[in-house]
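Chemist: model this:
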Amino acid sequence: MARFTLERVIRATPAEVFAAALDPALHVESMARYGETMVKGPDGGVFTEGSTVTWRARHFGVPFHLSSVVFDIDPPRRFCDRQTKGPFGTFHHEHVFEEHPQGTLMRDTITFHSPFGPIGALVDRLFMREYMRRLIDERGAVLATALER
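Modeler: Residues are numbered from 1 along each chain as shown. The predicted structure follows:
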């Protein structure tokens, strides 16, 4: 199982960062470079407890669909999402928001593994972990830019 944690300080309140992290439109904006679009969005256009979403994207030149559910929402401190159907054997993302002297410390902890047993574990170790780390870091940068305008 691959795991990493990224932290970023954003000059905004925890409530603002929490809301931005749950904004489907901002998610699409943050993943535009990967051609990610929302195929099936949450009811009412916002993520709430139990919301499901299906994304379409292209990574490594391969198109795929990923469905996930949002859960354990605890405003403005934390929420999680996990893959329910898609390319990973497992994918879990914990989002935590803590007060910080400069605004909010946003902490993303990702736990995942690729399918195909030992081959997937090798892929994760050789490049998928770093690729996912970079992708989540880019997403955090877009959130920060949107909030710090």
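Chemist: what segments of this structure are strands?
Modeler: 2-10, 37-40, 52-59, 62-74, 78-85, 90-100, 103-113 (DSSP state E).
Chemist: what sits up against the fourth one?
Modeler: Applying CB atoms under 8 Å, 6 or more residues apart in numbering, the external contacts of strand 62-74 come out as 22, 39-40, 42, 47-58, 78-88, 91. Where you see a C-beta, it was placed from the backbone N, CA and C, and this is true even at glycine.
Chemist: which of these are buried?
Modeler: 22, 42, 47, 51-55, 57, 78-83, 86, 88, 91 (16 or more other CB atoms under 10 Å).
Chemist: so what's Leu66 closest to, chain neighbours aside?
Modeler: Gly86 (3.4 Å; CB to CB, 6 or more residues apart in numbering).
Chemist: do the same with Leu6
Modeler: Going by CB to CB, 6+ apart, Leu6 has Asp108 as its nearest residue, at 4.8 Å.
Chemist: nearest approach to Arg139 belongs to which of the strands of the chain?
Modeler: Smallest distance to Arg139 across the strands of the chain (CB to CB): 8.1 Å, for strand 103-113.
Chemist: given the closest one, what are its sheet partners and their directions?
Modeler: strand 2-10 (antiparallel), strand 90-100 (antiparallel) (DSSP bridges).
Chemist: can you tell me which residues contact the residue nearest to Leu6?
Modeler: Contacts of Asp108 (CB under 8 Å, 6+ apart): 5-7, 93-96, 136, 140.
Chemist: for it, give the beta-bridge partners.
Modeler: Bridge pairing for Asp108 - DSSP bridges - gives Leu6, His95.
Chemist: check the offset of stretch 34-42 from the chain's centre.
Modeler: Mean-position distance between stretch 34-42 and its chain equals 13 Å (CA atoms, centre = their mean, to the nearest Å).
Chemist: make that stretch 119-133, sorry
Modeler: 17 Å.
Chemist: what's the answer for stretch 95-112, then?
Modeler: Using CA atoms, centre = their mean, the offset of stretch 95-112 from its chain centre is 12 Å.
Chemist: cool, stretch 114-124 as well?
Modeler: 21 Å.
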